[in-house]
Every structure is written in C-alpha cells, then in structure tokens.
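**Student:** Curious how this folds, go ahead:
(one chain, ligands or ions: 1)
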Amino acid sequence: MNRLNYLIRYLRHILTARHSFGFGVHSPAIYSFVKYVLYEKNSFYVYSEIEKLRRELENDQQKFYLTDFGTGVDRETTIGKVARRSLNNSKYSQLLYRMVRAARPDTILELGTSLGISTAYMAKARPSAQCYTFEGCPQVAKIAAGNFDKLSIKNIEIIQDNIDNSLALFLEKSPALDFVFIDANHTSKALNHYFELIIPKITEKSVVVIDDINWSNDMWKAWEQIRKHPQVVSSLNIFGFGILFFNTEQNKMHYKLIF
Ligand SMILES: C[S@@+](CC[C@H](N)C(=O)[O-])C[C@H]1O[C@@H](n2cnc3c(N)ncnc32)[C@H](O)[C@@H]1O
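**Tutor:** Numbers count the residues shown, from 1 in each chain. Take a look at the predicted model:
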C-alpha cells in the first residue's frame with residue numbers, strides 16, 4: 001500500500017474508532033485491559049535499557065548479508081537500516097511488554113524476530129516464561145542472539161528457519177501457547193496459515209497479537225477473517241496491532257480504538 005492510502009486508512013481509523021478509555025467499552029475485562037494496559041502511562045526501567053540498544057542498532061553501520069523473506073531479494077545491507085525500517089516502534093513494543101506482564105504467560109511464541117527488540121520486551125516482561133521466536137535469516141538471527149546476551153536475557157530460544165517449514169513441526173511438541181505475536185510474512189495467505197496452525201494450541205487464557213493489520217488490503221482481509229473465527233471471543237483493532245482474546249466468560253465484542 002502506498003503512503004497516501006495508508007494515511008487515508010489511518011484517518012478513517014481515527015474518525016471511526018472510540019477515542020479514549022471509557023468511551024463505550026462495555027465488557028469489564030476489555031475495559032480493564034484498555035485502562036490498565038493499553039493506556040498505562042508509567043515508564044518501566046526496561047524501556048530505557050532496550051531503547052538504548054535500539055539506538056545503538058540504528059546507528060550501526062556494520063554490513064551483513066540479508067536473506068529477505070519479505071521481498072525475496074537477498075542483498076547486502078547494514079544493521080542500522082534493518083533497525084530503522086523493520087522493527088515495531090517503541091510505543092508498540094512497550095505495549096507488548098505491558099500485555100505480557102498483564103497476561104502472565106508461561107509460553108510466548110513470536111513469529112518474526114528480526115533484531116530481537118520486540119522479543120526482548122516480551123521476554124523481560126515475564127522472565128519465568130519460555131519465549132520461542134522464529135527468524136529465517138541466519139545473519140539476523142545471529143545479531144538477535146547477541147542482543148539477548150547484551151540484555152542478559154536467558155528465557156529466549158531462537159528457531160532459525162523458514163516458518164513455513166518449521167512452525168508445524170515445532171507445534172507438534174509445543175505446550176499450549178499463552179501469548180503469541182505474529183510479525184513475519186505480511187500476506188493474508190501466510191497469516192491465515194499461521195493462525196490455523198496455532199489455533200489448536202490456543203486456550204481461553206491465550207492472547208494473540210497480529211502486527212500490521214492495516215498494512216495492506218490483503219492483511220486487512222486476513223484480519224477480518226481471523227477475528228470472526230469461532231474460537232475468538234473479543235478483538236481490538238488499535239490500527240498497528242490486532243489483538244485477540246479467547247476467554248468465553250467475556251461477551252463477544254469487537255472494538256476499534258485509538259492508541
Ligand atoms: C517485521 S520483522 C520483525 C520485527 C520484530 N518483531 C520487532 O518488532 O522487533 C519480520 C521478520 O520476520 C522474518 N520473516 C518473514 N517471513 C519469514 C518466514 N517465512 N520465515 C522466517 N522468518 C520470516 C524476516 O526475516 C524479518 O526479520
């Protein structure tokens with residue numbers, strides 16, 4: 001999607017979304033999520049620690065060979081370019097941190113590690129959880145592993161492989177997935193496929209976050225299909241992320257919110 005279309009989509013989101021906490025969110029669980037997690041303003045120590053590393057990565061001129069799973073065009077690039085272009089910004093990464101803190105998962109799954117910034121936020125939010133993250137590019141996975149060492153994070157396992165080959169195999173042996181962040185191949189075909197694969201491991205306690213649901217018409221189509229899945233009880237569209245809840249004690253509700 002070009003920039004103009006993306007902007008138009010964003011303006012439409014703002015005009016049609018509920019503007020702030022308390023505006024017509026009737027479900028008590030979602031109300032509490034919006035108040036204490038989505039709009040939580042406190043800063044945590046972890047934020048400055050990880051953002052310092054992000055700044056270092058953004059300025060890193062070191063070259064490496066990128067196996068590009070997005071465009072399919074492998075090429076030489078720098079760590080700085082990847083850090084500036086491919087990662088979720090601090091606002092959304094820190095929301096992941098708060099979501100993991102609130103959800104208290106035992107198992108976290110991330111599809112799409114890149115340099116490991118979002119992974120670090122999630123792993124730091126719940127050191128007792130085991131965090132599995134998938135990255136296809138071997139060089140990128142290696143840089144991410146170095147970043148986890150720099151941040152003294154011990155609860156992350158990187159699965160360095162094409163998700164299309166490795167996810168199904170991993171899920172055969174994995175425990176239930178309490179928290180899932182999908183941020184890899186941004187096509188409806190891949191997203192629907194990953195969602196169908198993980199759904200047998202989803203419980204009422206699970207939270208699934210999908211990145212970039214407004215990135216293209218194709219991603220939007222997949223989001224609209226996924227949020228209507230019979231196992232999904234409620235959903236939040238906050239423009240950058242789509243968030244899914246599965247707790248059947250909640251009312252079936254779908255909200256669009258400004259974040
Ligand atoms: C948008 S980046 C992830 C950003 C990261 N979650 C963050 O916010 O810090 C997506 C990553 O997914 C990886 N990826 C995309 N498709 C993949 C596939 N089929 N198998 C493995 N990795 C893939 C890319 O190599 C890229 O590093």
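**Student:** average model confidence for stretch 130-148?
**Tutor:** For stretch 130-148, mean pLDDT is 98.
**Student:** for that stretch, how far is the first residue from the last?
**Tutor:** Length of stretch 130-148, first residue to last, Cα to Cα, to the nearest Å: 14 Å.
**Student:** now do stretch 73-83
**Tutor:** Stretch 73-83: ends 18 Å apart by Cα to Cα.
**Student:** Over to stretch 174-194?
**Tutor:** 15 Å.
**Student:** touching the ligand at all, that stretch?
**Tutor:** Yes - interface with the ligand: stretch 174-194 contributes 183-185 (Cβ under 6 Å from any ligand atom). C-beta coordinates here come from the backbone N, C-alpha and C atoms, glycine included.
**Student:** which of the residues in that stretch are buried?
**Tutor:** 177-186, 188, 190-194 (16 or more other Cβ atoms under 10 Å).
**Student:** do stretch 229-249 as well
**Tutor:** So for stretch 229-249, counting by 16+ other Cβ under 10 Å, buried means 232-246.
**Student:** With stretch 135-147 instead?
**Tutor:** 135-137, 139-141, 143-145, 147.
**Student:** One more: stretch 41-50?
**Tutor:** Buried residues in stretch 41-50 (16+ other Cβ under 10 Å): 44, 46-47, 50.
**Student:** and which of the residues you listed is nearest the ligand?
**Tutor:** Closest approach to the ligand among those (Cβ to the nearest ligand atom): I50, at 9.9 Å.
**Student:** Which parts of this structure are helices?
**Tutor:** 3-16, 28-33, 45-58, 79-85, 90-103, 117-125, 138-150, 163-173, 188-198, 217-227 (DSSP state H).
**Student:** helices or strands up against the third one?
**Tutor:** If you count contacts as 3 or more Cβ pairs under 8 Å, 6 or more residues apart in numbering; DSSP states H and E, helix 45-58 packs onto helix 79-85, helix 90-103, helix 117-125, helix 138-150.
**Student:** mind running it again at 7 Å?
**Tutor:** helix 79-85, helix 90-103, helix 117-125 (3 or more Cβ pairs under 7 Å, 6 or more residues apart in numbering; DSSP states H and E).
**Student:** Tell me what angle the longest one forms with helix 117-125.
**Tutor:** What that stands for is helix 90-103. Orientation of helix 90-103 against helix 117-125 (axes from the mean of the first three to the mean of the last three Cα atoms, to 10 degrees) gives an angle of 30 degrees.
**Student:** Adding pLDDT, write the residues of stretch 174-194 next to the ligand out as CSV.
**Tutor:** Putting the residues of stretch 174-194 next to the ligand into CSV (pLDDT from 0 to 100) gives the following:
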residue, pLDDT
D183, 98
A184, 97
N185, 94
